[in-house]
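Sharing a model prediction with you, sequence too.
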Amino acid sequence: MSGPSFDVVVPTAGRPSLAPLLRGLAHGLPRPGRVLVVDDRAGENRPLLAGMDGDLPAEVVVVRSRGAGPAAARNVGWRAATAEWVAFLDDDVVLADGWLAALARDLGGLPADVAGSQGRLVVPLPSDRGPTDWERNVRGLETAVWATADLVYRRDVLAAVGGFDERFERAYREDADLALRVGSIGARIVWGTRTVRHPVAPERFWRSVALQRGNADDVLMRALHGPRWRERAHVPRGRRRRHLATTAAAVVALAAAGRGRRRVAVVGSAAWLAGTAELAWARLRPGPRTRDEVARMTATSVVLPAAATYHWLRGWARLPRLLADAERAPGPRPAPAPPDAVLLDRDGTLVVDVPYNGDPRRVTPMPGAREALDRLRAAGVKLAVVSNQSGVGRGVLRAEDVDAVNRRVEELVGPVAGWFVCPHAPDEGCDCRKPAAGLVRRAARALGTTPDRCAVVGDIGTDVEAALAAGARPVLVPNVATRAEEVAAAPEVAPDLLAAVDLVLGRNGS
């Protein structure tokens, strides 16, 4: 009896911690159905997996989001998933030994009303001193409920509630919002036994001030889930009232000083100073109280109440616009428009690679090739083949032999709109031989479109490079001949032709 099926979704901004996480997913059992790495880098064209050592999960697929934050990236990931369960992991967690096996045990036999399973987060802290303010902040993840750093949902439940609310643009409150909506349809989220380690990232001097932007998201949470949302989401109330009072005292002091009301200015200044000092001491008292920590807590405590108040007010100011923003609110999303054309490599992609084959009788389609192309035809996508045939230039093949093989390919996988072949030997210096862009550009032009409206599907790095050189979208479908470094460097990877087609059509494969 097989266990529960699950895909893994990892949104990432390209942090170095991604590589060891993927290695951890590659070396455990049971295997995930697919590992969907969501590239959420904005304005970055370098291949996401470049430089990794090739020690990757067998079915890793890179999909792109638009740099709109973790909620939007996770939506891209789960909508591309096909398994019953979708496991979300942050790209900076470290899997415990046996995490995959523990996940399978956590999911095995769960009743139908259980929509999700939450993993347990461990935040390692120094044992020889008290934790800093920032370390205590991260340690809060250990007791947080519904933290999507390790949380698994049923895919059909995600579809039922519309996924993550993309109006939450930061990694803050988007997971609590989703869990409350899941609970509203009568589903439960339970604790699992698996664990991940969440290391504390290096602290930046003003990080605590930057985190106050989350006050704006709290306003959205109140509007969506009512004034008692904190109790329902198990979120502590925090210090907002004290921040408002401290900021109000500063405003009164400044206004009074400007009007020459010295006594009122002194009282306001004293109240502001008392509030600031209380905040600084509350943050310093449990920590190591090193010189750096004292300087950081003193400086940030001066501006933190004003920052919190500003972002809280900003949240109210932007609330009408967010509530009217149906495009980013949770709900079904139309599939992306398919490309105008898909350009396919021949040998190793459409048919089994037989070196310098000029015999139609030796043509064998790759598994799923006919069905994959039929899906594209049904979607109205134009098809063409772009193929290097250096055997002609080397004198091993005749052009007529290549044509005969191509006709046999069409007999087996169905018609295509055009064949674009480079007959030149590698040393002839032509502009059509992949990885040059010539074949892709010629094919796009002949099909009445442009390269940026085309996807190129191939099995080796030269196919990817030709697509990138022309401005088309590359999708790599590896086989036994594909080198590990080619897989690591490809922007998008699919395990087979059918998955590649679903990827370019924006389908989830179901």
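Cool, the structure landed.

What residues does Arg10 make contact with?
Just to correct that, residue 10 is Val rather than Arg. By CB atoms under 8 Å, 6 or more residues apart in numbering, the contact list for Val10 reads Leu18, Leu21, Leu22, Val35, Leu36, Val37, Val38, Gly77, Phe88, Leu89, Asp90, Asp91. C-betas here are computed from N, CA, C, even on glycine.

wait, I meant Met366
Residues in contact with Met366, defined by CB under 8 Å, 6+ apart, are Gly348, Thr349, Leu350, Val351, Val352, Leu497.

What score does it have for pLDDT?
Looking at Met366, its pLDDT is 96.

Quick check: which ranges of the chain have low pLDDT?
Low-confidence segments of the chain (pLDDT under 70): 1-2, 44-45, 51, 53-55, 58, 332-336, 507-510.

Tell me how many other residues surround Arg291.
Counted by other CB atoms under 10 Å, the residues lying close to Arg291 total 7.

Arg232 belongs to a strand, doesn't it?
No: assigned with DSSP: H, G, I helix; E, B strand; the rest coil, Arg232 falls outside any strand and is helix.

on that earlier part again, out of the contacts of Met366, who's nearest Asp175?
Leu497 (35.2 Å; CB to CB).

and the closest one, how many neighbours does it have?
The number of residues packed around Leu497, counting by other CB under 10 Å, is 26.

shouldn't it be in contact with Gly458?
No: using CB atoms under 8 Å, Leu497 and Gly458 do not qualify as a contacting pair, with a distance of 10.8 Å.

Arg194: helix or strand, and which one exactly?
Element membership of Arg194 [criterion: DSSP states H and E] is strand 188-197.

Now do that strand: everything it contacts.
So strand 188-197 is contacted by 89, 93-96, 99, 102-103, 105-107, 110, 113-124, 145-146, 149-152, 179, 182-183 (CB under 8 Å, 6+ apart).

of the contacts of Val10, closest to Asp218?
Using CB to CB, the shortest approach to Asp218 within the contacts of Val10 belongs to Asp90, at 21.4 Å.

Which stretches in the stretch 151-300 of the chain count as helices?
Assignment of helices within the stretch 151-300 of the chain using DSSP state H, counting those that start in this stretch yields the ranges 155-161, 174-184, 207-210, 214-225, 229-233, 240-258, 262-284, 291-323.

brain fart, the stretch 401-510 of the chain
Using DSSP H, counting those that start in this stretch, the helices assigned to the stretch 401-510 of the chain run over residues 438-446, 461-470, 484-489, 497-505.

returning to what we had before: for the helices of the stretch 151-300 of the chain, give me CSV that also has distance to Gly43.
Putting the helices of the stretch 151-300 of the chain into CSV (distance: least, CB to CB, whole Å) gives the following:
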stretch, distance to Gly43
helix 155-161, 28
helix 174-184, 22
helix 207-210, 21
helix 214-225, 24
helix 229-233, 34
helix 240-258, 34
helix 262-284, 36
helix 291-323, 24
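
among the ones you listed, which is nearest Val138?
helix 207-210 (10.5 Å).

closest to Val8 out of the helices of the stretch 151-300 of the chain?
Comparing the helices of the stretch 151-300 of the chain against Val8 with CB to CB, the closest turns out to be helix 155-161 (12.3 Å).

Give the buried residues for that closest one.
Arg155, Val157, Leu158, Val161 (16 or more other CB atoms under 10 Å).

Can you lay out those residues as TSV showing distance to Tyr310?
Converted to TSV, the buried residues of helix 155-161 look like this (distance: CB to CB, whole Å):
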residue	distance to Tyr310
Arg155	39
Val157	37
Leu158	34
Val161	32
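
and of the residues you listed, the nearest to Asp427?
For Asp427, the closest of these turns out to be Arg155, at 51.1 Å, with distances computed as CB to CB.

any idea how far the closest one lies from Val10?
Between Arg155 and Val10 the distance, using CB to CB, to the nearest Å, works out to 16 Å.

And for Val161?
Taking CB to CB, one finds Val161 at 21 Å from Val10.

follow-up on the earlier one: to Arg398, which of the helices of the stretch 151-300 of the chain lies closest?
Between Arg398 and the helices of the stretch 151-300 of the chain, the tightest spacing by CB to CB is seen for helix 155-161, at 51.7 Å.

which residues touch that closest one?
The contact list for helix 155-161 (CB under 8 Å, 6+ apart) reads 78, 81, 83-86, 115-116, 178, 181-182, 184-185, 187, 330, 332.

Could you rerun that using 6 Å?
Trp78, Ala81, Val86, Ala115, Arg181, Val182, Ala187 (CB atoms under 6 Å, 6 or more residues apart in numbering).

That helix: how far from the chain's middle?
Per CA atoms, centre = their mean, to the nearest Å, the displacement of helix 155-161 from the mean C-alpha position of its chain is 18 Å.

Dump that helix to PDB, keeping only the CA atoms.
Coordinates of the C-alpha atoms in helix 155-161 are reproduced here as PDB (Å, rounded to 0.1, in the frame of the first residue of the first chain):
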ATOM      1  CA  ARG A 155      -4.200  20.800  -2.300                       C
ATOM      2  CA  ASP A 156      -8.000  20.600  -2.700                       C
ATOM      3  CA  VAL A 157      -8.400  22.700   0.500                       C
ATOM      4  CA  LEU A 158      -6.000  25.300  -0.900                       C
ATOM      5  CA  ALA A 159      -8.100  25.400  -4.000                       C
ATOM      6  CA  ALA A 160     -11.300  25.700  -2.000                       C
ATOM      7  CA  VAL A 161     -10.200  28.800  -0.100                       C
END
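
Just give the number of residues close to Asp218.
Burial of Asp218, expressed as a neighbour count using other CB under 10 Å, amounts to 20.
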